[in-house]
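Chemist: okay, sequence plus prediction incoming.
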Amino acid sequence: MEESTATTSKKAAKKAEAKRAAELAAATANVTLQDDAAAESYGARPAVFSHGAEEVDICSLNESHVDKTVIVRAWLQNSRVQSAKMGFLELRKGANWSIQGIVMASEEEPVVSRPMVKWVMGINPESFVAVEAKCYLVASAPSMLGMTLAVANKPIVNFSDDVPPAGNVVEAEKSTIPAASMLTHLDNIAMHKRSPVQQAIADIRIEVKKPFRSYLEERGFKEFEPPCLIGAASEGGGNVFRLPYFGEEAFLAQSPQFYKQFEIAGGRERVFSIGPVFRAEISNTARHMTEFTGLDLEMEVRESYTEVRDVLEGVLLHIFRGIQERCANEVATVRAVYPSEPFLLPEPGKEVRLTFAEAQKLLREEGPAEFANVRDDEDMSTPQEKALGEVVRSKYNTDFFVVDKFPETARPFYAKIDETAAPIGDGVSVTNAFDFFARNQEILSGGQRINDAVELEARIRAKGVDPESAGIKEYLAVFRSVGVPPHGGGGIGLDRVVAWYLGLPSVHLAAYYPRTPKRLSP
């Protein structure tokens, strides 16, 4: 059978490329460094630049630098040999800022020799270079990379932490470049982070933390730092990491919840924290990690718990609108790799707030048939949350909404029961507690807390927890020791906010170094 034209063309191109490489090698084979007039202008050694040359970031280069001598430091992204006398370079810095340069042999000052052209063209991709009409190799990359930048910037479709079978390569849609698994990305963490899409995600993550802090500080909140090491399982839960601590046992904090309340009891009135949270849950899903970053706040309640809900709603809307205004380029970079619909926000004054019962009713009447019998006194499952989000988006044209008045069966012991509301289902009380959703998934839980010691102890017992157990005893003692004002707050998952706003397939992409039950490195 005759070969196709395409196959023949590919072979011809490879032969031509090999011939050109051979010609380049032959042209420079007899030239040594001793004969090289440009020997001082390049090499793998400390760079020496001209006096007065200006250091410029690639992203800052513009017409004002024309005819000026500048210095750039960058990754050598690619190089292409044109002849023995000329080659093309592509230099990259930051996310996806890049420029093309030409190195051409010349006997005029500054002299560029053929050996210099050959040496520059031989620098391995992803090496770090410094250039000022000279080229110095600052940090060399290996000749064979574990993952190229082209692969690193392809969408990840396999997020399993299990090692894939040998030869199991996933082809990226409409591309001849294979897509690497998350496992391969994390095993090649430097190249993973160099990809423009991960640089953009990291920049957006910063843009979430900054307005969270500034918005709250403008409203009288003060930052504090809760401990990560604690002496008992927080909230009495079992999903905790245990570790030896000088002959005793310590735990990594599941939440700063108790410490936020201690701050209120201590007279701080309004507080917030940004820090790591640890959950020893064996959940190998796209929405769970064993370590994540929490954005938490707590505040005194003067008249109604809705004061807390409104502050939390306000800060998240402020964050989302800030991303839209200040991160348009970064969002576009992410969507070029992970396509998603624009994140829809409600118009000011038209925020969507549903009670839990209203949300379940909406699911029964307008959701998929499988949710036709959901109950008002049972917590929502993840599939229910996603289905509800679809209904809300279609009905209210928003990806961000609040579900309020959760049943007490779905809330922790410190959640304040709404004494004015009628019971639901089989006599189940509702609470002044809520969840916030983005793109069909929960990103925040919060509400009013019980501030009376007698009431709190009763709720602890009702939940089947011993009020004298380690951690709970000390927590309860704070409310017995002083009068604690009414208060409430909430906890936001930073990684989820970023991931769901961008429509990413996994929350792991939004984390700097994701931790799962099977991964503890890098």
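Modeler: Received, thanks. Numbers count the residues shown, from 1 in each chain.
Chemist: going forward, measure contacts between C-alpha atoms and count neighbours the same way
Modeler: OK.
Chemist: check the secondary structure at Ile274 for me.
Modeler: Taking DSSP: H, G, I helix; E, B strand; the rest coil as the rule, one finds Ile274 in the strand state.
Chemist: ok now do it, which residues does it touch?
Modeler: Contacts for Ile274 were tallied using Cα atoms under 8 Å, 6 or more residues apart in numbering; they are 225, 293-296.
Chemist: leaving out sequence neighbours, find the closest residue to Phe262.
Modeler: Closest residue to Phe262 apart from its sequence neighbours, by Cα to Cα, 6 or more residues apart in numbering: Val478 at 7.2 Å.
Chemist: check which helix or strand covers that neighbour.
Modeler: Element membership for Val478 (DSSP states H and E) is helix 472-481.
Chemist: helices or strands next to that helix in the packing?
Modeler: helix 257-265, helix 453-462 (3 or more Cα pairs under 8 Å, 6 or more residues apart in numbering; DSSP states H and E).
Chemist: where in the protein is the helix or strand with the lowest mean pLDDT?
Modeler: Taking mean pLDDT, DSSP states H and E as the measure, strand 170-171 is the helix or strand of the chain with the lowest mean score, a mean of 46.
Chemist: ok, then the element right after that one?
Modeler: According to DSSP H and E, the helix or strand after strand 170-171 is strand 178-179.
Chemist: stretch 467-476: how far from the chain's middle?
Modeler: Between the centre of stretch 467-476 and the centre of its chain there are 35 Å (Cα atoms, centre = their mean, to the nearest Å).
Chemist: on that earlier part again, farthest-separated two in the contacts of Ile274?
Modeler: Using Cα to Cα, the two most remote members of these are Glu225 and Thr293, lying 13.1 Å apart.
Chemist: any residues in contact with both of those two?
Modeler: Taking Cα under 8 Å, 6+ apart as the contact criterion, the common neighbours of Glu225 and Thr293 are 274-275.
Chemist: what ranges does the stretch 151-300 of the chain have for its helices?
Modeler: Per DSSP state H, counting those that start in this stretch, the stretch 151-300 of the chain has helices spanning 182-187, 189-194, 196-217, 257-265. These are given in chain order.
Chemist: mean neighbour count, mean pLDDT and distance to Glu303 for the ones you listed - can I get that in JSON lines?
Modeler: As requested, these are arranged in JSON lines below (neighbours: other Cα atoms under 10 Å; pLDDT from 0 to 100; distance: least, Cα to Cα, whole Å):
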{"stretch": "helix 182-187", "mean neighbour count": "19", "mean pLDDT": "93", "distance to Glu303": "48"}
{"stretch": "helix 189-194", "mean neighbour count": "19", "mean pLDDT": "93", "distance to Glu303": "47"}
{"stretch": "helix 196-217", "mean neighbour count": "19", "mean pLDDT": "95", "distance to Glu303": "20"}
{"stretch": "helix 257-265", "mean neighbour count": "20", "mean pLDDT": "96", "distance to Glu303": "16"}
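Chemist: among these, which is nearest Val337?
Modeler: Taking the helices of the stretch 151-300 of the chain one by one with Cα to Cα, helix 196-217 is closest: 7.1 Å.
Chemist: hang on, the earlier thing: which among the helices of the stretch 151-300 of the chain is found nearest to Ser127?
Modeler: Counting by Cα to Cα, Ser127 lies closest to helix 189-194 out of these; the figure is 11.6 Å.
Chemist: go ahead and name everything in contact with that closest one.
Modeler: Residues contacting helix 189-194 (Cα under 8 Å, 6+ apart): 94-95, 147-149, 152-153, 185-186, 198-199, 522.
Chemist: centre of the chain versus it, how much separation?
Modeler: What separates the centre of helix 189-194 from the centre of its chain is 14 Å, taken as Cα atoms, centre = their mean.
Chemist: on that earlier part again, by neighbour count, which of the contacts of Ile274 wins?
Modeler: Asp296 (26 neighbours; other Cα atoms under 10 Å).
Chemist: how far is stretch 54-68 from where the chain is centred?
Modeler: The gap between the average C-alpha position of stretch 54-68 and the chain average comes to 32 Å, counting by Cα atoms, centre = their mean.
Chemist: for it, buried residues please.
Modeler: Residues Ile58 are the ones in stretch 54-68 that count as buried (16 or more other Cα atoms under 10 Å).
Chemist: tell me which residues are up against that stretch.
Modeler: Under the criterion Cα under 8 Å, 6+ apart, residues 69-74, 92-93, 97-99 lie in contact with stretch 54-68.
Chemist: now swap in stretch 258-270 and tell me
Modeler: Taking Cα under 8 Å, 6+ apart as the criterion, the residues outside stretch 258-270 that touch it are 220-222, 226, 234-235, 271-272, 297-300, 475, 478-479, 482-485, 487.
Chemist: now the buried members of the residues you listed.
Modeler: 221-222, 226, 234-235, 271-272, 297-300, 475, 478-479, 484-485, 487.
Chemist: and those residues, which of them are in strands?
Modeler: In strands, judged by DSSP state E, the following of the buried ones among the contacts of stretch 258-270 are found: 222, 271-272, 297-300, 487.
Chemist: which one of the residues you listed is nearest Phe413?
Modeler: His487 (14.8 Å).
Chemist: tell me the pLDDT of the closest one.
Modeler: If you check His487, the pLDDT there is 98.
Chemist: equivalent analysis for Ser234, please.
Modeler: At Ser234 the predicted local confidence, pLDDT, stands at 61.
Chemist: ok, Ser521 next?
Modeler: Per the predicted model, pLDDT is 89 at Ser521.
Chemist: look up how far Gln324 lies from it.
Modeler: When distances are taken as Cα to Cα, to the nearest Å, Ser521 and Gln324 turn out to be 33 Å apart.
Chemist: next one: Gly52
Modeler: With distances taken as Cα to Cα, Gly52 is found 40 Å from Gln324.
Chemist: of those two, who's got more company?
Modeler: For Gly52 versus Gln324, the count of surrounding residues by other Cα under 10 Å is larger for Gln324: 14 against 8.
Chemist: in which helix or strand would I find the more buried one?
Modeler: Assigned by DSSP H and E, Gln324 falls within helix 306-326.
Chemist: how much space separates Asn62 from Glu90?
Modeler: In this structure, Asn62 and Glu90 are separated by 17 Å, where distance is defined by Cα to Cα.
Chemist: circling back: same list, the helices and strands packed on helix 472-481, but as CSV with distance to Thr409 please.
Modeler: Below are these laid out as CSV (distance: least, Cα to Cα, whole Å):
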stretch, distance to Thr409
helix 257-265, 19
helix 453-462, 11
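Chemist: nearest to Ala332, of these?
Modeler: Proximity to Ala332 (Cα to Cα) singles out helix 257-265 among these, at 36.2 Å.
Chemist: hmm, back to that, buried sites along the helix holding Val478?
Modeler: 472, 475-476, 478-479.
Chemist: could you do stretch 302-314 as well?
Modeler: Within stretch 302-314, the residues that qualify as buried are 305-309, 311-313, counting by 16+ other Cα under 10 Å.
Chemist: tabulate these (a markdown table), appending pLDDT.
Modeler: Conversion of the buried residues of stretch 302-314 to a markdown table gives the following (pLDDT from 0 to 100):
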| residue | pLDDT |
| --- | --- |
| Tyr305 | 97 |
| Thr306 | 97 |
| Glu307 | 98 |
| Val308 | 98 |
| Arg309 | 97 |
| Val311 | 98 |
| Leu312 | 98 |
| Glu313 | 97 |
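Chemist: now, among these, which is nearest to Met289?
Modeler: Leu312 (23.2 Å).
Chemist: could you pull out the helices for the stretch 1-150 of the chain?
Modeler: Assignment of helices within the stretch 1-150 of the chain using DSSP H, counting those that start in this stretch yields the ranges 5-28, 114-121, 149-152.
Chemist: Asp418: what's it in contact with?
Modeler: Contact criterion Cα under 8 Å, 6+ apart gives 429-432 as the residues in contact with Asp418.
Chemist: so which of those is the most crowded?
Modeler: For the contacts of Asp418, the largest neighbour count, defined by other Cα under 10 Å, is 29 neighbours, found at Val430.
Chemist: fine, thanks again, bye for now.
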